[in-house]
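# Kindly generate the corresponding structure for this input.
(chains A and B)
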There are 2 protein chains.
Amino acid sequence: MDPEEYRKAGYAAIDYIIDYFKTMDERKVVADVEPGYLRKLLPTEMPAEPEKFDDVHRDFESKIVPGLTNWQSPNFLAFFPSNVSYPSMLGELYSSAFSAPGFNWICSPAMTELETIVLDWLAKQMALPKCFLSDGEGMGIIQGSASESVITCMVAARDRYLRDAVAAKYETEEEKEEAIASARGKLVAFASDQTHSSTQKAALIAGVRYIAIPTSAEEEYALTGARLEAALAEAEAKGLMPFFLTASMGTTAVVAIDRFGEIAEVTKSRPQLWKHIDAAYAGAALVCPEHQHMLDGVEDNYDSFDMNMHKWLLVNFDASCMYVRRRRDLADALSVMPPYLRNSVSDQGLVVDFRDYQLPLGRRFRALKVWFVMRTYGSSGLQEHIRRTSKIGELFTERVRARADLFAIVAKPRLGLTVFQVVAPGSSAGTEATNAVSKKVAARIEKEGQLYLTSSTVHGAFAMRVVTGSPWATEGAMEEAYAYIEKVAEEERSE
Amino acid sequence: MDPEEYRKAGYAAIDYIIDYFKTMDERKVVADVEPGYLRKLLPTEMPAEPEKFDDVHRDFESKIVPGLTNWQSPNFLAFFPSNVSYPSMLGELYSSAFSAPGFNWICSPAMTELETIVLDWLAKQMALPKCFLSDGEGMGIIQGSASESVITCMVAARDRYLRDAVAAKYETEEEKEEAIASARGKLVAFASDQTHSSTQKAALIAGVRYIAIPTSAEEEYALTGARLEAALAEAEAKGLMPFFLTASMGTTAVVAIDRFGEIAEVTKSRPQLWKHIDAAYAGAALVCPEHQHMLDGVEDNYDSFDMNMHKWLLVNFDASCMYVRRRRDLADALSVMPPYLRNSVSDQGLVVDFRDYQLPLGRRFRALKVWFVMRTYGSSGLQEHIRRTSKIGELFTERVRARADLFAIVAKPRLGLTVFQVVAPGSSAGTEATNAVSKKVAARIEKEGQLYLTSSTVHGAFAMRVVTGSPWATEGAMEEAYAYIEKVAEEERSE
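So this is what the prediction gives:
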């Protein structure tokens, strides 16, 4: 492909993308294809000779696009949103042109510097505690996902604990090594039973135990200080070593918010316990002052914080914004310096080399799309997006509330998410009969494919989740979605 | 930014990128900026109100672009290449528009299916053993980097070893747990002292020991069967448990190739030892039949293989192509299934959900750019790229060889990489005096900034590495680069 062919195909791609979004509401939300559909349509080997891009594009339109699930569709009410915006796509495009695995500052200085700056901007806008800004011992860094952030922090926490709480008690290298080896099997990471599975997976990866602490509906599915204290004391009594906790600002199933102040109080006597806040979805709302009460009790009590701009803040996947209070904790655990990565700027300690603060060596220039989004929206534009889409979600909540005879709300609706059941005739929330009819409704919605929503089980109650957040979401589409769900619920219930 | 503004800015971005590459040879290869340059140029907070993209773009051109290190420059001879191509950028652009964290098949079926297909295409073109194809127990999957691949495989290897080689010997759950806890401190991963640092870092992350096995210049820095056997026996005699080995097809410093056949022979009696091949750079050359002898001895003896299309195979960062012989090994270690991720297609076992084969949950649609590149280049185009750029590298080798009075070659040149010293007057390769003059030459080249190359230390010898691989590399630029290096070498040597 020569430059002129690229120009033609590039312009056409820009046009195609505009049309894709313009026709979003006509597109089926979930791809209507069978498992294995694509293998039947493509050859078994790559072509030997170059093909014209027009031919490739024809296949792309007829074979790939029908196999996409359209996350920006106003009918996509599942999981959490996966935003994209025009300036974000431009950032991604330029970033691909500047292809570089920016592991060290010198690999492309603007990559590292812009990232630090935009993460400071974001931290200030979210009113994060000052300890997370880069002008002290803290720092923000963009990771690929909230999962990678929690793995990174857990590995740093594990090594800090083994060094400061285990090995430090011994004199000789041999004793230290022996103590660390015997401690490895006793380390345990904690989180509430509502916490995203990424913490459990991080524990698998880091090779440590994992304990899920129960929550209750009465306490709004939040992790409380009392429940944490009980779990820690029980583990310690068994000789286990609690070294890590994920506290959630907005859990996946119901957007529960853990009690940060109580947790900080309980863990004060355990300074080696790393406290991580997973705000993957809800963190976006912190750009609005009216949501910043979610930070109550956080202050400078937490070691790390993570939110995904790629969920609800207009940056396309991936841009997971992770902050640590003491960046050295990460480098202590993750720095390896072979001779071929040495350079004079790094050797003099003048710069931060991001490879020491993440799992992989290489990294993409993700700060560019973040910067484009921040500047073209401004903080007022980001706030407007959060407020507008929350309101669309709340519209659904109101409709559900108005039909208390038909629906039961399972958890306090927050940030545009409604979690609800369809109540069986003559029954109430949480019964077997209600679970059964709710399952039937969810199965029919999945089968008919007009909407896409996620089901989950919350303490035994089978519930459906409805949440939006796409820049292409509209009140009208949400009204229609509600009307459709109401109709299906009534029909299935009366069967 | 509305659609029409995006159209205008998008067309302009395409034009800008074409100009960026057209003027590549006029650009300074390494950014000429001081640490902290950008903070002085940007405000300390994000703007409150939306800004026009024209204004953002003006800042982008004047403040960001000068801070880039230009990896496609013909004067970029450092590290390994980080290719980009026009069709690859188009793939990245479309992929950003379809923003989705494709953790499950249903999240966007085309994402999963196309990835499996193009990785099969690539495996066949590289003549990889059939065990890595997706039609049996194996599979290919795109990871973000070779680092993530080795972490993923090492975690799977660790858990497989603890289950099959440790816990399996015991009856009760309690005994098994006890045995695993005590084994954790004894696990050890191996690689040669020339292996990329990502294996050592993976051992830090997985929480296991790491042993680097010595290599020698006489054996071309390859890991041999005899050296591996000695290292394994020594570790086992100490009560350690060898569970993982990285064998390199092309090490970072000198592109050494480990002796796969000998390694397979030595490890035959240790079936629980996971054998991973890191072919991050050199793997690209396997698309040419004349390089496929590098696979000798691999056969179906290895558990996993990884190469980066984003280095030398025309796909922009990131696209690390990882293959496993038994995909179940990964899912056994990494699968966590919370209720909110369940869906009927996954529950029926009809599909592969890639989240179970990688560290993070979410993932990008990277297969699209890979497919665009394969189809627009065809296998003949990929081969032509490898052959053309290798030849440019070999041109440098020839020039260096012709001046045996001035230069000493440190390791057998391979795949376009030359590793060399500047020999001190009256001295020879590897002496203190030669190291000293080589350091002076490297420091001056770094300071003058006309070329960018990497230095390394190979068994005590301070050496410079020259390698290209950029689609924008030319013979003319390489001749100039050689002439410049020769001039600096002569001047510094005669001082």
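# how about the helix or strand that contains residue A:376: buried residues?
Assigned by DSSP states H and E, residue A:376 belongs to helix A:367-402. By neighbour count on 16 or more other CB atoms under 10 Å in any protein chain shown, the buried set for helix A:367-402 is A:367-379, A:381-383, A:385-386, A:389-390, A:392-397, A:399-400. No exception for glycine: its C-beta is placed from N, CA and C like everyone else's.
# For chain B, tell me which of the residues you listed show up nearby.
Checking the buried residues of helix A:367-402 against chain B by CB under 8 Å from any CB of the partner chain, the ones in range are A:368, A:371, A:372, A:374, A:375, A:376, A:377, A:378, A:379, A:381.
# My guess is the last one contacts residue B:50. True?
Right, residue A:381. Yes: counting by CB atoms under 8 Å, residue B:50 is a contact partner of residue A:381 at 5.1 Å.
# quick revisit: quick one: mean pLDDT for the helix or strand following the helix holding residue A:376?
Where DSSP H and E defines the elements, the next helix or strand beyond helix A:367-402 is strand A:407-409. Regarding strand A:407-409, the rounded mean pLDDT is 98.
# Neighbouring strands - and their directions - for strand A:407-409?
Sheet pairing here is set by DSSP bridges, and for strand A:407-409 it gives strand A:418-422 (antiparallel).
# what angle do the strand it pairs with and helix A:367-402 make?
Between the axes of strand A:418-422 and helix A:367-402, defined by axes from the mean of the first three to the mean of the last three CA atoms, to 10 degrees, the angle is 40 degrees.
# Contacts made by strand A:418-422 with the rest, please.
A:253-254, A:393, A:396-397, A:400, A:406-411, A:413, A:429-430, A:434-435, A:437-438, A:441, A:456, A:458, A:461-467, A:489, A:492-493 (CB atoms under 8 Å, 6 or more residues apart in numbering or on different chains).
# Select, from the ones next to chain B among the buried residues of helix A:367-402, the two members most distant in space.
Farthest-apart pair in those is A:368 and A:379; separation 18.8 Å (CB to CB).
# Phi and psi next, for residue A:64.
Dihedral pair for residue A:64: phi -90, psi -50, per degrees, to the nearest 10.
# neighbours around it, how many?
Residue A:64: 26 surrounding residues under other CB atoms under 10 Å in any protein chain shown.
# can I assume residue A:363 is in contact with residue A:100?
No: using CB under 8 Å, residue A:363 makes no contact with residue A:100, being 9.1 Å away.
# any shared contact partners between the two?
Contacts common to residue A:363 and residue A:100, judged by CB under 8 Å, 6+ apart, are residue A:111.
# Bridge partners for residue A:461, pull those for me.
Bridge pairing for residue A:461 - DSSP bridges - gives residue A:458.
# Assess the claim that it and residue A:435 are in contact.
Yes: look at residue A:461 against residue A:435 with CB under 8 Å: they come within range, at 6.6 Å.
# looking at chain A, which helix or strand is least sure?
None of the helices or strands of chain A scores lower by mean pLDDT, DSSP states H and E than helix A:344-347, at a mean of 83.
# That one and chain B, are they touching?
Yes: Helix A:344-347 reaches chain B (CB under 8 Å from any CB) through A:344, A:345.
# residues making contact with that helix?
Residues contacting helix A:344-347 (CB under 8 Å, 6+ apart): A:104, A:105, A:106, A:351, A:353, B:35, B:443, B:446.
# Strands of the stretch 251-400 of chain A, start to end?
Ranges of strands within the stretch 251-400 of chain A are A:274-278, A:304-308, A:320-324, based on DSSP state E, counting those that start in this stretch.
# What separation is there between residue A:216 and residue A:228?
When distance is defined by CB to CB, to the nearest Å, residue A:216 is 13 Å away from residue A:228.
# Give me the spatial nearest neighbour of the residue nearest to the spatial centre of chain A, chain neighbours excluded.
What sits nearest the mean C-alpha location of chain A, by CA atoms, centre = their mean, is residue A:280, with 3.8 Å. Leaving aside its sequence neighbours, residue A:280 sits nearest to residue A:146 (CB to CB, 6 or more residues apart in numbering or on different chains; 4.1 Å).
# State whether the one you found and residue A:201 are indeed in contact, as I suppose.
No: the criterion here is CB under 8 Å, and residue A:146 misses it with residue A:201 at 10.9 Å.
# In terms of neighbours, single out the busier of those two.
Set side by side, residue A:146 and residue A:201 show more neighbours around residue A:146, with 29 against 24, by other CB under 10 Å.
# residue contacts, residue A:149?
A:143, A:276, A:304, A:306, A:320, A:322.
# Which pLDDT value does the model give the fifth one?
Spelled out, that is residue A:320. 98.
# Would you map the strands across the stretch 1-150 of chain A?
For the stretch 1-150 of chain A, the strands defined by DSSP E, counting those that start in this stretch cover A:76-77, A:139-143.
# does chain B sit close to the first one?
Put plainly, it is strand A:76-77. No: using CB under 8 Å from any CB, strand A:76-77 never reaches chain B; the gap is at least 9.6 Å.
# Name the residues that touch that strand?
Under the criterion CB under 8 Å, 6+ apart, residues A:29, A:69, A:70, A:451, A:452, A:453, A:465, A:466, A:467, A:468, A:470, A:481 lie in contact with strand A:76-77.
# The first one and residue B:266, how far apart?
Taking CB to CB as the measure, residue A:29 and residue B:266 are separated by 54 Å.
# helix, strand or coil for residue A:243?
Counting by DSSP: H, G, I helix; E, B strand; the rest coil, the backbone at residue A:243 sits in strand.
# Which residue is the nearest non-sequential neighbour of it?
According to CB to CB, 6+ apart, the nearest residue to residue A:243 is residue A:161 (3.9 Å).
# cool, and residue A:111?
That would be residue A:102: by CB to CB, 6+ apart, it lies 4.1 Å from residue A:111.
# quick one: pLDDT of that neighbour?
The per-residue pLDDT of residue A:102 was computed as 92.
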